[in-house]
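Undergrad: give me coordinates for this.
(one chain, ligands or ions: 2)
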Amino acid sequence: MRSHTVAYIGKRKAIMDFPQEFIRFVKNASRVVALTGAGVSQESGLRTFRDAQDGLWTKYKPEDLASPESFARDPKLVWDWYAWRREAVKGVRPNPGHYALVEMEKQIPEFTLITQNVDGLHRFAGSRNIYELHGNIQKVRCSECGTYAETWGDDTESVPVCQSCGGLLRPDVVWFGESLPRAELEAAVTASRACQVFMSIGTSGVVQPAASLAHAARNNGSVVVEINAEPTPLTPKVDFAFHGRSGEILPELVEAVWGN
Ligand code: BV8
Ligand code: ZN
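TA: Numbers count the residues shown, from 1 in each chain. Ligands and ions are numbered 1, 2, ... in the order given. Model prediction:
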């Protein structure tokens, strides 16, 4: 079974022809996990993590800004980058790929959505059983005492401080070199090990430990599927690969499996 990798190059006609074997797996599965990455939000107009940044952020690489070291070195630069990204998220809406995953949650008895994205678009679209492995960009907490801030000053000269202890506020996301939230990661590993079908969607499969979830599923005999704009290091190890836009492929998969 492992050899059954079918690549669709994104021609609309080809995507409609999902292998019958694959349709059967999804239709008969009661436990399905979907792991999403920045690619799922791309068709909503948000840049992926690997996309070049624009505007005044062009000269910075995201992975260089998303770290405690960068925040310690230049808290204002990092705070302003997240303030810019929060505004970008406010201006976008979920796309058909997000809504297809909401439909899957309705159709499949145990559907677990694990996301690396911090944009909150899955919840905004209506998904409920979600684990946000890397936090949420709309939430802000104190870098010292961890108190969450509901509001903060919009003084453009300095980073807002915590009302309780005066510490610098920071986005409630997981930076490189920081540990993931234990409860979310444990739940994600448990669900990935127990599922019958594991879908890796819109992710380059590079960032750990999220990228290891597909292997945990595969080692426990799950059918592993990749839905991504391009091949990734995971592609040779999956059972089915559909390469194209998740905002097109996911709605067509829902139609193929549960359409009337
Ligand atoms: C950890 C939140 C334990 C912030 C993110 C050295 C020191 C310390 C750690 C490490 C180290 N070396 C390695 C590590 C581990 C490190 C890591 O994995 N590094 C990588 C670069 C190798 N991981 C960590 O640090 C993690 N913590 O390990 O803790 C520890 C503790 C101390 C010391 C050691 C270990 C923390 C990882 C979380 C980092 N935070 N985000 C923020 O957002 O600002 S990760 C960030 O990058 C995103 O959240 C996202 O998860 C990730 C990017 O991945 P993708 O989502 O896959 O996005 P990407 O752009 O890469 O790919 C998009 C894909 O979509 C592409 O393939 C594209 O083709 C496709 N696509 C595009 N459009 C579409 C599409 N597909 C379909 N349809 C479309 N329309
Ligand atoms: Zn504080």
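Undergrad: pLDDT of the longest strand seen in the chain, averaged?
TA: Secondary structure of the chain per DSSP state E: the longest strand is strand 135-142. Strand 135-142 carries an average pLDDT of 97.
Undergrad: which other residues reach it?
TA: 82, 85-86, 89, 118-120, 147-149, 152, 160, 162, 164-165, 167-174, 181 (CB atoms under 8 Å, 6 or more residues apart in numbering). In this view, the C-beta of every residue, glycine as well, is placed from N, C-alpha and C.
Undergrad: could I get it in PDB with only the CA atoms?
TA: C-alpha atoms of strand 135-142 as PDB (Å, rounded to 0.1, in the frame of the first residue of the first chain):
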ATOM      1  CA  GLY A 135      -0.100  29.600  19.800                       C
ATOM      2  CA  ASN A 136      -2.300  32.400  18.500                       C
ATOM      3  CA  ILE A 137      -1.100  35.700  17.200                       C
ATOM      4  CA  GLN A 138      -4.200  37.600  18.500                       C
ATOM      5  CA  LYS A 139      -3.400  36.700  22.100                       C
ATOM      6  CA  VAL A 140      -0.800  38.800  24.000                       C
ATOM      7  CA  ARG A 141       0.900  37.800  27.300                       C
ATOM      8  CA  CYS A 142       3.500  39.200  29.700                       C
END
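Undergrad: and it, how far out from the chain's middle?
TA: Centre-to-centre, strand 135-142 and its host chain are 16 Å apart (CA atoms, centre = their mean, to the nearest Å).
Undergrad: can you give the strand pairings for that strand, parallel or anti for each?
TA: strand 148-149 (antiparallel), strand 169-173 (antiparallel) (DSSP bridges).
Undergrad: next secondary structure after the helix or strand bottoming out on mean pLDDT in the chain?
TA: In the chain, no helix or strand scores lower on mean pLDDT, DSSP states H and E than helix 12-16, which sits at a mean of 49. The helix or strand immediately downstream of helix 12-16 is helix 20-28, counting by DSSP states H and E.
Undergrad: for that next one, list every residue counted as buried.
TA: F22, F25, V26 (16 or more other CB atoms under 10 Å).
Undergrad: now, which of the residues you listed sits nearest ligand 2?
TA: V26 (46.2 Å; CB to the ion).
Undergrad: contacting residues for that closest one?
TA: Counting by CB under 8 Å, 6+ apart, V26 touches V32, V197, L253, V257.
Undergrad: how about the helices in this structure?
TA: Under the criterion DSSP state H, helices of the chain are mapped to 12-16, 20-28, 39-42, 62-65, 68-73, 75-90, 96-107, 121-125, 182-194, 213-219, 246-258.
Undergrad: which one of those lies closest to P236?
TA: helix 213-219 (11.5 Å; CB to CB).
Undergrad: show the average pLDDT along the closest one.
TA: Mean predicted confidence for helix 213-219 is 98.
Undergrad: which members of the contacts of strand 135-142 additionally contact ligand 1?
TA: V118, V173, V174 (CB under 6 Å from any ligand atom).
Undergrad: buried ones only from the residues you listed, please, as a ChimeraX command.
TA: Listed next is the ChimeraX selection for buried residues among those, using 16+ other CB under 10 Å:
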select :118,173,174
